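**Student:** Predicted model and sequence below, questions to follow.
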Amino acid sequence: MNYILWLLKLRKRYTVTGHSMWPVLRDGQQVFGKKPKSVSSGDIVVARHPFNQSYIIKQIETISDTHVRLISLDQFAEDSRVYGELPRNTIIAKVCI
(Lines give C-alpha, C1' and ligand atoms only; values in the text may rest on other atoms or scores of the structure.)
Protein backbone atom coordinates (compact mmCIF):
# COMPACT_ATOMS: atom_id res chain seq x y z
CA MET A 1 0.00 0.00 0.00
CA ASN A 2 2.79 2.45 0.89
CA TYR A 3 4.39 1.76 -2.49
CA ILE A 4 1.18 2.76 -4.29
CA LEU A 5 0.88 5.89 -2.17
CA TRP A 6 4.53 6.67 -2.99
CA LEU A 7 3.76 6.32 -6.71
CA LEU A 8 0.87 8.75 -6.21
CA LYS A 9 3.31 11.11 -4.41
CA LEU A 10 1.40 10.76 -1.13
CA ARG A 11 4.43 9.19 0.59
CA LYS A 12 8.14 9.91 0.37
CA ARG A 13 10.82 7.23 0.47
CA TYR A 14 13.83 7.47 2.80
CA THR A 15 16.87 5.24 3.23
CA VAL A 16 18.00 4.25 6.70
CA THR A 17 21.71 4.95 7.20
CA GLY A 18 23.54 3.38 10.11
CA HIS A 19 22.49 1.07 12.88
CA SER A 20 20.98 3.51 15.38
CA MET A 21 17.43 2.16 14.96
CA TRP A 22 18.28 -1.55 14.83
CA PRO A 23 16.49 -3.97 15.33
CA VAL A 24 13.37 -2.11 14.11
CA LEU A 25 15.08 -0.54 11.08
CA ARG A 26 18.19 -1.87 9.32
CA ASP A 27 20.99 0.02 7.59
CA GLY A 28 20.05 0.45 3.93
CA GLN A 29 16.36 -0.31 4.49
CA GLN A 30 13.87 1.79 2.53
CA VAL A 31 11.05 3.29 4.59
CA PHE A 32 8.08 5.43 3.63
CA GLY A 33 7.13 8.61 5.41
CA LYS A 34 4.12 10.86 5.32
CA LYS A 35 3.68 14.46 6.37
CA PRO A 36 2.44 14.16 9.95
CA LYS A 37 -0.84 15.65 11.09
CA SER A 38 0.22 14.85 14.63
CA VAL A 39 3.03 12.98 16.36
CA SER A 40 3.37 11.43 19.79
CA SER A 41 5.93 9.72 21.99
CA GLY A 42 7.02 6.42 20.49
CA ASP A 43 6.52 7.48 16.86
CA ILE A 44 9.44 6.98 14.50
CA VAL A 45 10.03 10.13 12.49
CA VAL A 46 12.27 11.66 9.86
CA ALA A 47 13.74 14.99 10.95
CA ARG A 48 16.27 17.49 9.66
CA HIS A 49 19.67 16.91 11.22
CA PRO A 50 20.47 19.81 13.58
CA PHE A 51 24.01 20.40 12.26
CA ASN A 52 24.00 19.59 8.53
CA GLN A 53 21.74 19.25 5.50
CA SER A 54 20.95 15.56 5.96
CA TYR A 55 18.02 13.87 7.67
CA ILE A 56 17.82 11.54 10.65
CA ILE A 57 15.37 8.78 11.49
CA LYS A 58 14.72 8.52 15.22
CA GLN A 59 12.02 7.72 17.75
CA ILE A 60 10.24 10.45 19.69
CA GLU A 61 11.00 10.08 23.38
CA THR A 62 9.21 13.19 24.65
CA ILE A 63 7.27 15.96 22.98
CA SER A 64 6.09 19.41 24.05
CA ASP A 65 4.27 22.21 22.26
CA THR A 66 7.54 23.51 20.82
CA HIS A 67 10.23 20.80 21.07
CA VAL A 68 10.86 17.08 20.65
CA ARG A 69 13.47 14.82 22.15
CA LEU A 70 14.56 12.17 19.66
CA ILE A 71 16.30 8.95 20.64
CA SER A 72 18.04 6.09 18.91
CA LEU A 73 17.35 2.48 19.80
CA ASP A 74 21.13 2.03 20.06
CA GLN A 75 22.15 3.76 23.28
CA PHE A 76 25.57 4.64 21.81
CA ALA A 77 24.25 6.39 18.67
CA GLU A 78 23.95 10.14 18.21
CA ASP A 79 20.55 11.57 19.20
CA SER A 80 19.06 14.19 21.53
CA ARG A 81 21.42 12.98 24.25
CA VAL A 82 24.13 14.61 22.09
CA TYR A 83 22.41 17.52 20.32
CA GLY A 84 19.57 18.27 22.73
CA GLU A 85 15.90 18.82 22.04
CA LEU A 86 14.90 19.93 18.56
CA PRO A 87 12.17 22.32 17.46
CA ARG A 88 9.02 20.44 16.43
CA ASN A 89 9.22 21.93 12.95
CA THR A 90 12.37 19.87 12.25
CA ILE A 91 10.11 16.81 11.86
CA ILE A 92 9.44 16.33 8.17
CA ALA A 93 7.75 12.92 8.09
CA LYS A 94 6.29 10.17 10.22
CA VAL A 95 7.59 6.73 9.23
CA CYS A 96 4.89 4.33 8.08
CA ILE A 97 5.75 0.85 9.33
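**Tutor:** Looks like it came in fine.

**Student:** all contacts plus neighbour counts: C-alpha atoms, from now on.
**Tutor:** OK.

**Student:** and the residue nearest to A77 when sequence neighbours are not counted, what does it touch?
**Tutor:** In this structure, A77 finds its nearest non-sequential neighbour in S20, 5.5 Å apart by CA to CA, 6 or more residues apart in numbering. With contact taken as CA atoms under 8 Å, 6 or more residues apart in numbering, S20 is in contact with S72, L73, D74, Q75, F76, A77, E78.

**Student:** for the second one, what are its contacts?
**Tutor:** Which is L73. Taking CA under 8 Å, 6+ apart as the definition, contacts of L73 comprise S20, M21, W22, P23, Q59.

**Student:** Next: the fifth one.
**Tutor:** Residues counted as contacts of F76 (CA under 8 Å, 6+ apart) are S20.

**Student:** Please work out how many residues are found near I91.
**Tutor:** The number of residues packed near I91 is 20, by other CA atoms under 10 Å.

**Student:** so it bridges to which residues?
**Tutor:** Going by DSSP bridges, I91 is paired in beta bridges with A47.

**Student:** Settle this for me: it is touching V46, isn't it.
**Tutor:** Yes. Counting by CA atoms under 8 Å, I91 touches V46, with 5.9 Å between them.

**Student:** Could you pull up the contacting residues of E85?
**Tutor:** H67, V68, R69, L70.
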